[in-house]
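In: For reference, the sequence and a predicted model appear below.
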Amino acid sequence: MIVTTANSVIEQPNAESSDVQKNIFQEPRSDEQQRRGNNDPRQKQPRQNNQPRRDKRDVHGWVVLDKPIGMTSTHAVAVLKRLFSAKRAGHAGTLDPLASGGLPIALGEATKTVPFVMDGRKRYRFTVAWGEERDTDDTEGRVTQTSDVRPSAEAIRDLLPRFTGLIEQIPPQYSAIKVQGERAYDLARDGETVELKPRPVEIHQLTLVEHGDNGQSVFEAECGKGTYVRALARDIGRILGCFGHICALRRTLVGPFTERDMIPLEQLEALCNRAASGEGSLADALLPVETALDDIPALAVTRADAARLHRGQAVLLRGRDAPNSSGTVYVTVAGRLLALAEIGNGELIPKRVFNLTGLTASSARNNGSV
């Protein structure tokens, strides 16, 4: 729920700018293109005369794609960017190709709010297959260890408190972490063994949901930024002496976005076709830019103060209604998002100003009636 008072003291997200920028795409490239490099003549194909260039437009808002299994996050961004003919797009947290579920994609000015979503909690529902550990910690990998042992539900539940709270976790060998400038998964594919250092992650909740006789168990986990669910399956299997790997994974929560916000790709494509024939609007698929700022206090200002902030100038906060807090707020004028700003020393200092001219979220999408 959006807080509409500026009397709360909050902390600005600490996501590194490089982590955010790598998720923002002007023209996303496929994994194959990235492997070939920039000098491959196949990378740029001449445009056919019978294929006119589609004009890009200003589109601002969030689309929470219910990503299908088999699609990369980069490809998903490229598809949505093309569907909306958007000038700018990016995602708020990679989702593995073998995983399904919520992939929040920011369009236009929403890309300025990506750090707030990336720093939010995530919730996953995942299935662990016992008896095999694999080098990728999921079904795509090569089997590295096996066991005939199968854990009981009681043994699993007794172990889960060790994986709850602030823990140290070694990322999977096949992860996007950089090692001396190279991605760990690239080094692993080249046959190199990479020693990745343990990292602190926070597991807010870890629950055993189902445990059957088929050698598999279903879990739900709610965790903070940087947690690898594949590593959870690996480490639990090792301690239980039975080994294990992820065989199914679905993300059900990313920051403020839940399963109710997710839209399947087929539904988006159908909406795009209806919009092209004049029977609907792609705005119906958008959530407002400020949806990502759900945990940040909002502060309304006058039109005169809004004009100063829009020019990048600070505004003095005075009078009995002036907030007495400090920290980040999102500023509105006449109910419309204007800027992200910092309150300090009696001033409101603009940090990111939004220009929401163009296609934005419709009232139908806001009411959940898509």
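Out: Great, that's in hand.

In: C-alpha from now on. contacts and neighbour counts both.
Out: Noted.

In: Tell me the pLDDT of the closest residue to residue 355 other than its chain neighbours.
Out: Take residue 355 and drop its neighbours on the chain: the residue closest to it by C-alpha to C-alpha, 6 or more residues apart in numbering is residue 109, 7.0 Å away. Predicted confidence (pLDDT) for residue 109: 96.

In: surely residue 109 meets residue 87?
Out: No. With contact defined as C-alpha atoms under 8 Å, residue 109 does not count as touching residue 87 (10.2 Å).

In: What average pLDDT does the longest strand along the chain get?
Out: In the chain, taking DSSP state E as the definition, the longest strand is strand 199-211. In this model, strand 199-211 carries a mean pLDDT of 96.

In: What is that strand packed up against?
Out: Helices and strands touching strand 199-211, as assessed by 3 or more C-alpha pairs under 8 Å, 6 or more residues apart in numbering; DSSP states H and E, comprise helix 153-159, strand 165-169, strand 216-223.

In: Of all these, which one is nearest residue 319?
Out: Across the helices and strands packed on strand 199-211, residue 319 has its closest neighbour in strand 216-223 (41.8 Å, C-alpha to C-alpha).

In: Could you tell me the angle between that closest one and strand 199-211?
Out: 140 degrees (axes from the mean of the first three to the mean of the last three C-alpha atoms, to 10 degrees).

In: neighbouring contacts of strand 216-223?
Out: Contacts with strand 216-223, where a contact means C-alpha atoms under 8 Å, 6 or more residues apart in numbering, come from 121-130, 201-211.

In: still on that earlier bit, dump the helices and strands packed on strand 199-211 into CSV; add distance to residue 195 and mean neighbour count as well.
Out: Below are the helices and strands packed on strand 199-211 laid out as CSV (distance: least, C-alpha to C-alpha, whole Å; neighbours: other C-alpha atoms under 10 Å):
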stretch, distance to residue 195, mean neighbour count
helix 153-159, 26, 12
strand 165-169, 13, 15
strand 216-223, 24, 21
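
In: could the ones you listed be laid out in CSV, adding distance to residue 286 and mean pLDDT?
Out: Formatted as CSV, the helices and strands packed on strand 199-211 follow (distance: least, C-alpha to C-alpha, whole Å; pLDDT from 0 to 100):
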stretch, distance to residue 286, mean pLDDT
helix 153-159, 40, 97
strand 165-169, 35, 96
strand 216-223, 26, 97
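
In: avg pLDDT for the helix or strand where residue 78 lies?
Out: Take DSSP states H and E as the rule and residue 78 turns out to sit in helix 73-84. Mean pLDDT, computed over helix 73-84, is 94.

In: What of stretch 301-319?
Out: Here the average pLDDT along stretch 301-319 is 90.

In: Tell me the buried residues in stretch 257-274?
Out: The neighbour-count check on stretch 257-274 (16 or more other C-alpha atoms under 10 Å) flags 257-258, 261-263, 265, 268, 271-273 as buried.
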